[in-house]
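Chemist: mind folding the following:
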Amino acid sequence: MSETSTDWGDLRLFLAVAREGGLSPAARATGRSPATLGRRMLALERSLGRELFIRHDRGYELTAEARKLVEQLTGVETHIARLTAAPGEAERPLVKVSAGTWTTLALLDSIDDITGTPADTRLRFVSAETRLDIARREVLIGFRNARPTGGSLAGRSLSRVEFAPYARRGAPDRWIKVIADTPSARWLDRMIGSDAVCEVTAPRNCLDLALAGKGIALLPTFIGDRQQELHRNGDTISELAHEQWIVTHQDDRRLPEVRRTIDRLCRVIGRR
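Modeler: Sure thing, here's the model as predicted:
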């Protein structure tokens, strides 16, 4: 391809770089090398006669013109995918969703409602207590504990999250402590310090231990209240109550697979 022509192949690579937030993650997604993608993006900018990226050490930031181009190409991409799909082949675009342990656990209980029946979306849940960078397209959708900030992010407010202690009846009166960088783990550490018989590094393990009758677990009420074997061992903890938001990038929120996934996630969270 000459440097002055533009074809759909380069536009697809542009979409990959725009969505992944840089050359290296886009290289993993497309199978092209970062150097090749860099050359193709420069050629695309020259062929279109416009600057598409602001290049810096942390990745590729889209210009205003590039954001408009992403929006224009999204519908074209979907249409082309439908035209070129093999007969009977189901289109299942990948949507990466990040959430903490407890929200992920609740969502997985309703997986069929989120993917659709029959499934029209391939979901990849990234369960992590750390916050992944939506602006750099580490994930397409993320659950957050506060309203998103920054002009590149869009969010929907969800139901409020509360925490309470849970245990089996007759379980020993001792806390199961989670060693993690989360508000609930830090709160419990302040309350009991090293006075814990058992410590775990995976939040899910404290639920397992509570279900086994080994002690008291600090759980979000949307998890604890669903466990028939457990009962609340005290009041909700007001200082741990917080908002929950579902967040995506402004440029991705109109993608059909992102829009319908967000709608389904909101319905599932609203039922919990």
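
Chemist: list the buried residues of stretch 167-182.
Modeler: In terms of neighbour count (16 or more other Cβ atoms under 10 Å), stretch 167-182 has its buried residues at 167-168, 171, 175-178, 180, 182. Every residue, glycine included, has its C-beta placed from N, CA and C.

Chemist: my bad, should have said stretch 252-269
Modeler: Judged by neighbour count (16+ other Cβ under 10 Å), stretch 252-269 contains these buried residues: 252-253, 255, 257-258, 261-262, 264-265, 268-269.

Chemist: which residues of this structure fall in helices?
Modeler: Shown for the chain, the helices assigned by DSSP state H span residues 8-20, 23-30, 34-48, 64-84, 101-108, 111-115, 183-192, 203-211, 221-224, 256-271.

Chemist: looking at those helices, which one has the lowest mean pLDDT?
Modeler: Lowest mean pLDDT of those: helix 64-84, a mean of 74.

Chemist: what about Phe222, how many residues close to it?
Modeler: For Phe222, the count of nearby residues is 19 (other Cβ atoms under 10 Å).

Chemist: quick one: it and Trp102 touch, right?
Modeler: Yes: here Phe222 lies in contact with Trp102, judged by Cβ atoms under 8 Å, at a distance of 7.4 Å.

Chemist: output the buried residues of stretch 167-182 as JSON lines; include the columns pLDDT.
Modeler: Listed next are the buried residues of stretch 167-182 as JSON lines, based on pLDDT from 0 to 100:
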{"residue": "Ala167", "pLDDT": "97"}
{"residue": "Arg168", "pLDDT": "97"}
{"residue": "Ala171", "pLDDT": "95"}
{"residue": "Trp175", "pLDDT": "95"}
{"residue": "Ile176", "pLDDT": "95"}
{"residue": "Lys177", "pLDDT": "95"}
{"residue": "Val178", "pLDDT": "94"}
{"residue": "Ala180", "pLDDT": "89"}
{"residue": "Thr182", "pLDDT": "91"}
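
Chemist: which one of those residues is nearest to Ala146?
Modeler: Comparing these against Ala146 with Cβ to Cβ picks out Thr182 as the nearest, at 13.9 Å.

Chemist: distance check, the closest one against Arg131.
Modeler: When Cβ to Cβ, to the nearest Å is applied, the distance between Thr182 and Arg131 equals 11 Å.

Chemist: cool, thanks, signing off.
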